[in-house]
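Chemist: next come a sequence and a model predicted from it.
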Amino acid sequence: MILRKNLTVVSLFFLTTTAFADVPSSQTASVNTALEAVVARSVKGYGAVGDGKADDTAAIEAAVKAGGGVVYFPGGNYRITGTVVVDLNARGKTSLVGTGGACIIMAGAGPAFHFIGTHNGTAAPDSVRDQIWEQERLPIITGFEIRGAHPESVGLRLEKTMQATLTNLLIRRCKVGVHLVRRNRNLIIDHCHIYHNRQVGIDFDHVNLHQAIISDSHISYNPVAGIRLVGGEMRNFQIVGNDIEYNHDVKKEGSADVLIDMRPKGSTFREGTIVGNTIQARPSPNGANIRFLGGENLRTGGLLAITGNLIGSQTHNIHLVNCRGATVSGNSIYSAAEHSLWLKNCANVVAGNNAMDWNPDHKKKQLVDGILIESCKGVILSNTIIEKSFQGSVESGGAIDVKTSEDVAIVNCQVLDFMFRGITLTGAVRCRVVGCSVIDRREKPLMRASIEIKGGRDNLIAGNIVNRGSLSIADGTATIRGNLEIGIAK
């Protein structure tokens, strides 16, 4: 009977019924005493009603101010009208815990809960003061919903925290779901639903943050961005195994499922991974599934791996600007209204082993699905397949379009059944197109050239398979050798 009576509370201690199977009766009393201590910190014990109508702000504040430990939310709808501040330095180690049945209705502006710490060090253990370990570390927020009921409501705000861990949360209808400011270290967001907020799902707002992990979560229907990093100093950042979908607004400019914007002065980003996610939306004005905007001189943004994702159905699938040291590999990329991959002013980028396709459920191919590389230095595009690209026009451009770039290698790619041209180089220097199949396989080819070069110098076109008579290479721009010309060009 004791076990059944306290099952929901037992979950707060991450125990299961099997954990108690062999507990001697002599220990049952002490276990129950510990559980009763948690029940005593229930917000209802401090006067919260939980009916969705009464203002429970003061009661929840009282439970938090009681000092440290677990603040427990039983099932119910807890309406609050102001921010509940969790001052970790003043209150001690504090966690907010529910068992899935509780909902916090934020009926005021600002965050429902604002966790404030004092950590000014790095993620290195020797930079963490004893006071952080004793008073502030590891605030856990888990097991309930936060629902916005005000246009300016925010789900959670974290400031100067150490090892904040967010799990099993649903945050919806807020202006911003999770808002991180100033300085945070060792953040984990896992098994959460950040869903249908008014602007941004998870917002890193000019944060100095090292070692953050967002994993196994559903981050969708946030019209400005699903995950947004603007400014700050970001290091060791992982976005892994999430479903990040439909973060777009068909009426607004620049929506993105994942947006990293390091253009603000003094901002930097290094050592990030976007791995194993499903990232898709719908085409929106200049929208992107993944967009990285670095600052000037290629010094603020880099060392990024985009690997093993399913990425599709936006205006631009992957858009990298002023980015260096990026790897884009092993992704399935599809249905771009304009660009499957768009690199601008990037350096030392490797894009390889990607499939760029279109959704065969659509009976007629309509989207552009092109690769654009412009003003870049040092790019390898390899082992990539792109079919039925509409990029370009009668006058210029092609499925893979390289403009005013240096040291670009297009190697072992298959560019098939393109509308205008397969690969175009304009003003290119020391670029190679080697070992590629650039062919129009249709019975009556529609394309104008397999490979076209205008301007530039010291380029190499070698060992490719192309349609007969389809090379269009301006004199003095390239060395041409060992290409196999097949079929009949139009």
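Modeler: Received it, and whenever you're ready, just let me know what you need.

Chemist: so which residues of the stretch 251-400 of the chain form strands?
Modeler: Taking DSSP state E, counting those that start in this stretch, the strands of the stretch 251-400 of the chain run over residues 256-261, 268-275, 278-280, 288-293, 302-307, 310-321, 324-329, 332-344, 347-352, 355-357, 370-374, 377-382, 385-387, 400-403.

Chemist: then the stretch 101-250 of the chain?
Modeler: So, for the stretch 101-250 of the chain - with DSSP E, counting those that start in this stretch - the strands run 110-116, 140-148, 153-162, 165-167, 170-172, 176-190, 193-195, 200-215, 218-220, 225-230, 233-240, 243-245.

Chemist: next, format the ones you listed as CSV and append mean neighbour count, mean pLDDT and distance to Met356.
Modeler: For the C-beta atoms, the positions are set from N, CA and C on the backbone; glycine is no exception. Listed next are those as CSV, based on neighbours: other C-beta atoms under 10 Å; pLDDT from 0 to 100; distance: least, C-beta to C-beta, whole Å:
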stretch, mean neighbour count, mean pLDDT, distance to Met356
strand 110-116, 22, 97, 41
strand 140-148, 23, 97, 38
strand 153-162, 25, 96, 36
strand 165-167, 19, 97, 35
strand 170-172, 23, 98, 33
strand 176-190, 23, 95, 30
strand 193-195, 23, 97, 29
strand 200-215, 22, 95, 26
strand 218-220, 23, 98, 23
strand 225-230, 27, 97, 22
strand 233-240, 20, 94, 21
strand 243-245, 23, 98, 19
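
Chemist: next one, pLDDT for the residue positioned nearest the centre of the chain please.
Modeler: Nearest to the geometric centre of the chain sits Val258, at 3.9 Å (C-alpha atoms, centre = their mean). If you check Val258, the pLDDT there is 98.

Chemist: ok, Lys444 next?
Modeler: 79.

Chemist: try Pro264
Modeler: For Pro264, the predicted pLDDT is 93.

Chemist: touching, it and Gly231? I think so.
Modeler: Yes - between Pro264 and Gly231 there is a contact under C-beta atoms under 8 Å: 3.8 Å.

Chemist: ok, Gly92 to Arg441 distance?
Modeler: Look at Gly92 and Arg441: by C-beta to C-beta, to the nearest Å, they are 69 Å apart.

Chemist: one more: Val71?
Modeler: Val71 sits at a distance of 65 Å from Arg441 (criterion: C-beta to C-beta).

Chemist: and what of Glu271?
Modeler: Distance of Glu271 to Arg441, given as C-beta to C-beta: 42 Å.

Chemist: these two: who's more crowded?
Modeler: Each of Glu271 and Arg441 has its neighbours counted (other C-beta atoms under 10 Å); Glu271 has more, 16 against 12.

Chemist: any stretches of the stretch 1-150 of the chain with poor pLDDT?
Modeler: Where the stretch 1-150 of the chain drops to pLDDT under 70, the residues are 1-40.

Chemist: ranges for the helices of it?
Modeler: Counting by DSSP state H, counting those that start in this stretch, the stretch 1-150 of the chain has helices at residues 2-5, 7-10, 25-40, 57-65, 88-91, 130-131.

Chemist: still on that earlier bit, roughly how far does the residue nearest to the centre of the chain sit from Val411?
Modeler: If you go by C-beta to C-beta, the gap between Val258 and Val411 works out to 28 Å.

Chemist: hang on, Asp216 packs against Gly241?
Modeler: Yes - at 5.1 Å, Asp216 counts as touching Gly241 under the criterion of C-beta under 8 Å.

Chemist: ok now stretch 373-386, how far from the chain's centre?
Modeler: 22 Å (C-alpha atoms, centre = their mean, to the nearest Å).

Chemist: pull the contacting residues for Ala164.
Modeler: Neighbour list for Ala164: Phe115, Leu138, Pro139, Ile141, Leu158, Asn184, Asn186, Leu187, Ile188 [criterion: C-beta atoms under 8 Å, 6 or more residues apart in numbering].

Chemist: count of neighbours near the third one?
Modeler: What that stands for is Pro139. When neighbours are counted by other C-beta under 10 Å, Pro139 registers 21.

Chemist: can you give me the distance of it to Asp261?
Modeler: 27 Å.

Chemist: repeat that for the first one.
Modeler: The gap separating Phe115 from Asp261 is 25 Å, by C-beta to C-beta.

Chemist: what of the second one?
Modeler: Separation of Leu138 from Asp261 (C-beta to C-beta) stands at 30 Å.

Chemist: between these two, tell me which one has more neighbours.
Modeler: Using other C-beta under 10 Å, the more surrounded residue of Leu138 and Asp261 is Asp261, with 22 against 16.

Chemist: hang on, isn't that one packed against Gly232?
Modeler: No - using C-beta under 8 Å as the test, Asp261 is too far from Gly232 to be in contact (10.0 Å).

Chemist: may I have stretch 124-133 exported as CSV, CA atoms only?
Modeler: In CSV, the C-alpha atoms belonging to stretch 124-133 read as follows (Å, rounded to 0.1, in the frame of the first residue of the first chain):
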residue,chain,number,x,y,z
ALA,A,124,36.6,23.4,-17.0
PRO,A,125,36.2,21.9,-13.5
ASP,A,126,38.9,24.1,-12.0
SER,A,127,37.1,27.2,-13.0
VAL,A,128,33.9,26.3,-11.1
ARG,A,129,33.8,27.8,-7.7
ASP,A,130,32.8,25.5,-4.7
GLN,A,131,29.8,27.6,-4.2
ILE,A,132,28.5,26.6,-7.6
TRP,A,133,28.8,22.9,-6.7
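
Chemist: begin at 51, not 1, for the rest of this chat.
Modeler: With 51 as the first residue, the last one maps to stretch 174-183.

Chemist: residues in contact with that stretch: which ones?
Modeler: Contact partners of stretch 174-183, identified using C-beta under 8 Å, 6+ apart, comprise Asn139, Gly167, Thr168, His169, Gly171, Arg187, Met212.

Chemist: what comes up buried for it?
Modeler: Val178, Ile182 (16 or more other C-beta atoms under 10 Å).

Chemist: what separates that stretch from the chain centre, distance-wise?
Modeler: 29 Å.

Chemist: cool, stretch 149-169 as well?
Modeler: Centre-to-centre, stretch 149-169 and its host chain are 23 Å apart (C-alpha atoms, centre = their mean).
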